[in-house]
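**Q** Give me a model of this one.
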Amino acid sequence: MTAKLDVDFVRSQFPAFSEPSLQGQAFFENAGGSYTCRQVIDRLHRFYTQRKVQPYGRYAASAAGGAEMDEARTRLAALMNVEADELSFGPSTSQNTYVLAQAFADTLSPGDAVIVTDQDHEANSGAWRRLENRGMEIREWCIDPESGQLELDSLAAILDEKVKLVCFPHCSNVIGQENPVARITAMAHDVGAVTCCDGVSYAPHGLPDVGSLGTDIYLFSSYKTYGPHQGIMVVRRELADRLVNQAHFFNADVRYKRLTPAGPDHAQIAACAGMADYIDALYAHHHGAEAAPAERARAVAAMQRGHEDKVLAPLLDYLGSRNDARILGSKEVGTDAGRVPTVALHTARPAEEIAISLADHGVMAGEGNFYAIRTIGAMGCDPDAGVLRLSFVHYTTDAEVQQLMKGLDACL
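**A** Numbers count the residues shown, from 1 in each chain. As a prediction, this is how the structure comes out:
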């Protein structure tokens, strides 16, 4: 049985909730970036004050800095159930995807097919679509325009042995519906293709067990998972070893450097170990007993999702009862629904006006296209006008959702 999340303990781990300037503000733009946990802030401060030197040197401060960078990679990989040398850091997920696309461009042959979706953030679409300029065939896996979902039958119709790569999101940053990663991956592997899964919009709701999902590539952003502004990329060993090296030639034999040509941000990478500290703190507070890293991550993710489902349900009920706002995606919530609390609304009143008005009610929300122009366009929305997005995570409370609904009453 999943333990009930202690939200008071959770919020005590985030300095933002005790910041005077943020008092009375309900934060509903978490899909654009979460608050940062104190463990990350503490590590970042320590690095900048004690270890801001070139790492991996012969003197104490340098050795300590390098060790903390290695700690971040090793501990996060263990939580995600992958090998440490399969995880690498880059300046952003968009940049990581761009570099991956260059590596595939040098590996694939003209005529090979790549599948992309119109449900993706542009970061996991545009870079792959440009491979068409290198002679590859681009096939689009399209969403159902009513539900916004990616249907497996539609994938099967465009999947054959010419396909070498299938790129798709774990969940959309506006639809908020979890896609069946393991099943998609199995379908791709059956025709000899590899998969690239964009987890940016999923990972904030529970660090994924990438080992069990089976995908060959998994990408997400640490600034949306309570950490600093880095992109985190898992590339499984067999694939990493056959992709063309994109780094300096002398780094070609180091898996976690092969696909990150830019110099690393030492302090931010080291601070990412604070994300592992946070997960371990939640596990210890709720369960006490020691467990393997991947087991701890799964237990914490289950608590996060359980709380999010409980808080999301009244919001979806409220929005579903209105005739002046259309929810993009499913209105269902619960263990089997796979719905994360990222709720995009197509509204009669311009989304920009609503977001401005909500701010007067102490609600921080976002509006725009959120780099999902293809998605909202396919669902009949004007990409220029955009949508209103209400997104939260496990530190959000019932009271904050009530504040949001009261604000919506006044603004819609």
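
**Q** Report the separation between residue 380 and residue 359.
**A** 27 Å (Cβ to Cβ, to the nearest Å). To be clear about C-beta, it is placed using only N, CA and C from the backbone, and glycine gets the same treatment.

**Q** Those two: which is more packed in?
**A** With neighbours defined as other Cβ atoms under 10 Å, residue 380 and residue 359 compare such that residue 359 has more, 14 against 11.

**Q** residues touching the more buried one, list them.
**A** Neighbour list for residue 359: residue 365 [criterion: Cβ atoms under 8 Å, 6 or more residues apart in numbering].

**Q** again, only this time at 10 Å
**A** If you count contacts by Cβ atoms under 10 Å, 6 or more residues apart in numbering, residue 359 has them with 25, 365, 407, 411.

**Q** Which one of these is nearest to residue 332?
**A** residue 365 (22.3 Å; Cβ to Cβ).

**Q** Would you agree residue 234 is in contact with residue 83?
**A** Yes - under the criterion of Cβ atoms under 10 Å, residue 234 makes contact with residue 83 at 9.2 Å.

**Q** tell me, what's touching those two both at once?
**A** Here residue 234 and residue 83 have 77, 211, 256 as joint contacts, going by Cβ under 10 Å, 6+ apart.

**Q** can you pull out the helices in the stretch 101-250 of the chain?
**A** Using DSSP state H, counting those that start in this stretch, the helices of the stretch 101-250 of the chain run over 126-129, 152-158, 181-190, 210-213, 237-242.

**Q** Adding mean neighbour count, write the ones you listed out as TSV.
**A** Rendered in TSV, the data for the helices of the stretch 101-250 of the chain read as follows (neighbours: other Cβ atoms under 10 Å):
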stretch	mean neighbour count
helix 126-129	20
helix 152-158	14
helix 181-190	17
helix 210-213	19
helix 237-242	14
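
**Q** mind checking which of those helices is nearest residue 271?
**A** helix 210-213 (21.4 Å).

**Q** Work out the gap between that closest one and the centre of the chain.
**A** 15 Å (Cα atoms, centre = their mean, to the nearest Å).

**Q** Just the strands from the stretch 151-300 of the chain, written as ranges.
**A** 163-169, 194-198, 217-221, 231-235 (DSSP state E, counting those that start in this stretch).

**Q** so what's residue 132 up against?
**A** Applying Cβ under 10 Å, 6+ apart to residue 132 gives the contacts 114, 138.

**Q** again, but for residue 177
**A** Contacts for residue 177 (Cβ under 10 Å, 6+ apart) come out as 119, 143, 147-150, 169, 171, 328-330, 332, 337-340, 342.

**Q** ok, back up a step: so can I have TSV of the helices of the stretch 101-250 of the chain showing distance to residue 92 and mean pLDDT?
**A** Formatted as TSV, the helices of the stretch 101-250 of the chain follow (distance: least, Cβ to Cβ, whole Å; pLDDT from 0 to 100):
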stretch	distance to residue 92	mean pLDDT
helix 126-129	12	97
helix 152-158	28	98
helix 181-190	22	98
helix 210-213	19	98
helix 237-242	20	96
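
**Q** what comes up buried for stretch 327-344?
**A** By neighbour count with 16 or more other Cβ atoms under 10 Å, stretch 327-344 contains the buried residues 327, 328, 329, 330, 333, 338, 339, 340, 341, 342, 343, 344.

**Q** Thanks a lot, catch you later.
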